[in-house]
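Chemist: Dropping the sequence and predicted coords here.
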Amino acid sequence: QVQLVESGGGLVQTGGSLRLACAASGRTFSGYVMGWFRQAPGKEREFVSAISWRGGTTNVADSVKGRFTISRDSTKNTLYLQMNSLQPEDTAVYYCATKVGGLIIPRASTYAYWGQGTQVTVSS
């Protein structure tokens, strides 16, 4: 049974940084893609970034490109999202998710397993 547990969210001022982590368990993730999505109140869940677990190929949404960096530690089965230069529009619940297969698709419906989410709030 796949389990994804996010941590690292919180309240930060504009321009600040946070590092999210997602501890994954329940299987080996080689051949999977793991990603981050976010959902703000009243908005649809949107793609943030994803990484292929085996090869390390990444994809980043234009809205966070140059500010957010995704990475993984295969030895710890942990996914990270380093978020710099945070803006109020980055305020959302951030979710970790994983999909079968190594192709990165920035669409939430293709991800089978989800964490419970962690709140990120950026104050202006």
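Modeler: Perfect, thanks for sending it. Numbering: from 1, shown residues only.
Chemist: Go ahead and flag the most central residue of the protein.
Modeler: With distances taken as Cα atoms, centre = their mean, the residue of the chain nearest its centroid is residue 36 (2.1 Å).
Chemist: This structure: helices as residue ranges?
Modeler: Shown for the chain, no helices are assigned by DSSP state H.
Chemist: now it, which segments are flagged as low pLDDT?
Modeler: Nowhere does the chain drop to pLDDT under 70.
Chemist: if I pick the residue nearest to the centre of the chain, what's in contact with it?
Modeler: 20, 22, 48, 49, 50, 70, 79, 81, 94, 95, 96, 97 (Cβ atoms under 8 Å, 6 or more residues apart in numbering). Every C-beta, even on glycine, is put in place using the N, C-alpha and C of the backbone.
Chemist: quick one: buried residues of stretch 11-25?
Modeler: 12, 18, 20, 21, 22, 24 (16 or more other Cβ atoms under 10 Å).
Chemist: Make CSV from the residues you listed and add distance to residue 41 to it.
Modeler: Listed next are the buried residues of stretch 11-25 as CSV, based on distance: Cβ to Cβ, whole Å:
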residue, distance to residue 41
12, 18
18, 19
20, 19
21, 24
22, 22
24, 27
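Chemist: any idea which of these is closest to residue 107?
Modeler: For the buried residues of stretch 11-25, the minimum distance to residue 107 (Cβ to Cβ) is 18.7 Å, reached by residue 22.
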